[in-house]
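Peer 1: Output the structure for:
(chains A and B)
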Amino acid sequence: MNELQHGFNRRRFALRVARAFLITAGYAVFWLIVWFLTSMFLARFPNFNRLFSVLAGGLLFFTFAMTLTEGTIYKHILAMVRAFFLIVYLTYATNGGTLTINLENLTFTVEFVPLLALMVVINLLEVARGLLQAIDFAAKSPKDEVTQNLEIQGAV
Amino acid sequence: MRLTIRAIGFTVTLLWIITLTLPVSVALSLLKLAEGKNLGIQEPMFTFTNGNLSLTMPLYINNTGFYDISEANVQVKICKANIVLAEVSETLPDIPAGQMVEANCSFTASLEEIFQKDRTLLTEDADLNVNASLHFRVAHLMAFNIASVSATQWGAPFHNLTVYGETYNETSHVLSFYVSFNNHASFFVDGPLAVSIINLDNEIVGASSLNLNVQPGEAFLELVEVAVNPQKMTSSVFIRLSFANLEILGRLVQP
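Peer 2: Numbers count the residues shown, from 1 in each chain, chains lettered A, B, ... in the order given. Reported below is the predicted structural model:
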């Protein structure tokens, strides 16, 4: 019985990894398309490729980890970490909301501090949401889960 | 709690849509503004009055974009090597979306102040750096700054200023000499050129004035005759030429 359960868990885990891998691969294709589209206009920004790969790599990692930990409290913790990562990344990559491009004798500067502040607020809201979801998840008893599953299946 | 989580999720989605749509719509708005004849600058006009150099540039902006344009400001900084000779800025009126605004962009710089920083500009041509920048804010959220650095040639208004052929008439006590220069500047040299004769005791022994009206690119040559005080006259004297309260030449002569 124990061996059967172990085999079942291993199979479930392998399926979970495969699912996470497939979803991450899908997102990777999406980021590749975004890179192709944006590099045409934004390649002149200093360190564009490096910054883009950090963003894409970071978000792909979170996609994989969050898909893998779906149904556990870790998913919500990872969502909070992702929001913090985005706050730090956006502030660093945009140089505090001021981007400058040098084109021969011309210097072009875009300042969007209010927009960056809005992005930080959004991510703080994401943190709050993750925290509430984690509390909600932790507060659930196994009995609630069974009832919820039955509700979903339409048995109750 | 679930309702709260859902509400936060909805707010986050909405805010992301706004945040990502805004830069795109601002870019489209600017592209609309740049196309056609929505932005025009008429021929700039240089004037030189009372020692002040003025540049007037009439312009019009037809804001066909979606957002208001505010905090529009043009700044021009003129430098020679590392010395800032002049710094002028002009704030343009706010341009609401869908409206056309005509404005006069005028810069005034005191030549006296410029020449005090570098007196050689009066008599020597020079290479100057012009740093021009345009700043404006779209939708009160995103600010744009376009700055350019360009080199320009400064033409000296009193290029090759020379005093020569000094003669002193001991009977009439008149010191005469020629003054010549070329106006390499792009503006009229218009105004009085003060001539002072100073003895070795640093006393003014004679003074005169020449009314200048020299066109750009034109050469100037005139005989100057100054009546001097014979009692204070010394064997050598200084001829000092001043324009707009600025000494442009001081030369010791032995007439």
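Peer 1: residue contacts, the residue of chain A positioned farthest from its centre?
Peer 2: Going by Cα atoms, centre = their mean, the residue of chain A most distant from its centre is A:N105, 39.5 Å out. Applying Cβ atoms under 8 Å, 6 or more residues apart in numbering or on different chains, we find A:N105 in contact with B:148-150. The way it works is simple: take the backbone N, C-alpha and C, and place the C-beta from them, glycine included.
Peer 1: and it, how far is that from B:R251?
Peer 2: To B:R251, A:N105 is 41 Å away according to Cβ to Cβ, to the nearest Å.
Peer 1: One more: B:L111?
Peer 2: B:L111 is 22 Å from B:R251, by Cβ to Cβ.
Peer 1: Between those two, tell me which one has more neighbours.
Peer 2: Here B:L111 and B:R251 are compared on neighbour count by other Cβ atoms under 10 Å in any protein chain shown; more neighbours surround B:L111, at 21 against 15.
Peer 1: can the contacts of A:N105 go into TSV with extra columns for distance to B:L121, secondary structure and neighbour count?
Peer 2: Output for those, formatted as TSV (distance: Cβ to Cβ, whole Å; DSSP: H, G, I helix; E, B strand; the rest coil; neighbours: other Cβ atoms under 10 Å in any protein chain shown):
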residue	distance to B:L121	secondary structure	neighbour count
B:S148	22	strand	15
B:V149	19	strand	15
B:S150	18	strand	11
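Peer 1: Tell me the one of these nearest A:W35?
Peer 2: B:S148 (30.8 Å; Cβ to Cβ).
Peer 1: Contacts only, for that closest one.
Peer 2: By Cβ under 8 Å, 6+ apart, the contact set of B:S148 is A:105-107, B:131-133.
Peer 1: Dump those to a markdown table, plus pLDDT, distance to A:W35 and secondary structure.
Peer 2: Formatted as a markdown table, the contacts of B:S148 follow (pLDDT from 0 to 100; distance: Cβ to Cβ, whole Å; DSSP: H, G, I helix; E, B strand; the rest coil):
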| residue | pLDDT | distance to A:W35 | secondary structure |
| --- | --- | --- | --- |
| A:N105 | 80 | 30 | coil |
| A:L106 | 85 | 26 | strand |
| A:T107 | 89 | 26 | strand |
| B:N131 | 85 | 35 | strand |
| B:A132 | 86 | 35 | strand |
| B:S133 | 87 | 32 | strand |
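Peer 1: Please check the residues you listed and keep the buried ones.
Peer 2: A:107, B:131, B:133 (16 or more other Cβ atoms under 10 Å in any protein chain shown).
Peer 1: Kindly check the end-to-end length of stretch B:43-52 for me.
Peer 2: By Cα to Cα, to the nearest Å, the extent of stretch B:43-52 from end to end equals 20 Å.
Peer 1: Repeat that for stretch B:56-70.
Peer 2: 21 Å.
Peer 1: Give me the mean pLDDT for that stretch.
Peer 2: Across stretch B:56-70, pLDDT averages out at 85.
Peer 1: and what of stretch B:1-13?
Peer 2: 91.
Peer 1: Please identify the buried residues of it?
Peer 2: For stretch B:1-13, by 16+ other Cβ under 10 Å, it's B:5, B:8, B:12.
Peer 1: quick one: average confidence on stretch B:193-200?
Peer 2: For stretch B:193-200, the per-residue pLDDT averages 90.
Peer 1: Stretch B:141-150 now?
Peer 2: In this model, stretch B:141-150 carries a mean pLDDT of 89.
Peer 1: quick one: buried residues of that stretch?
Peer 2: B:141-145, B:147.
Peer 1: rewinding a little: out of the buried residues of stretch B:1-13, which are close to chain A?
Peer 2: B:5, B:8, B:12 (Cβ under 8 Å from any Cβ of the partner chain).
Peer 1: Doesn't the first one lie inside a strand?
Peer 2: Spelled out, it's B:I5. No: counting by DSSP: H, G, I helix; E, B strand; the rest coil, B:I5 is not found in a strand; it is helix.
Peer 1: Spatially, what comes nearest to it if we skip its sequence neighbours?
Peer 2: In space, and not counting its chain neighbours, B:I5 is closest to A:L132: 5.1 Å by Cβ to Cβ, 6 or more residues apart in numbering or on different chains.
Peer 1: chain center to whichever helix or strand that neighbour is part of, what's the gap?
Peer 2: In the assignment (DSSP states H and E), A:L132 maps to helix A:113-139. Chain-centre distance of helix A:113-139: 12 Å, with Cα atoms, centre = their mean, to the nearest Å.
Peer 1: mind listing the helices for chain A?
Peer 2: Assigned by DSSP state H, the helices in chain A fall at A:2-42, A:48-68, A:73-93, A:113-139, A:142-153.
Peer 1: same for the first one, what does it pack against?
Peer 2: The one in question is helix A:2-42. helix A:48-68 (3 or more Cβ pairs under 8 Å, 6 or more residues apart in numbering or on different chains; DSSP states H and E).
Peer 1: Let me know whether the helix it packs on sits next to chain B.
Peer 2: No: contact of helix A:48-68 with chain B is not found when judged by Cβ under 8 Å from any Cβ; the minimum separation is 13.7 Å.
Peer 1: Understood, closing this out.
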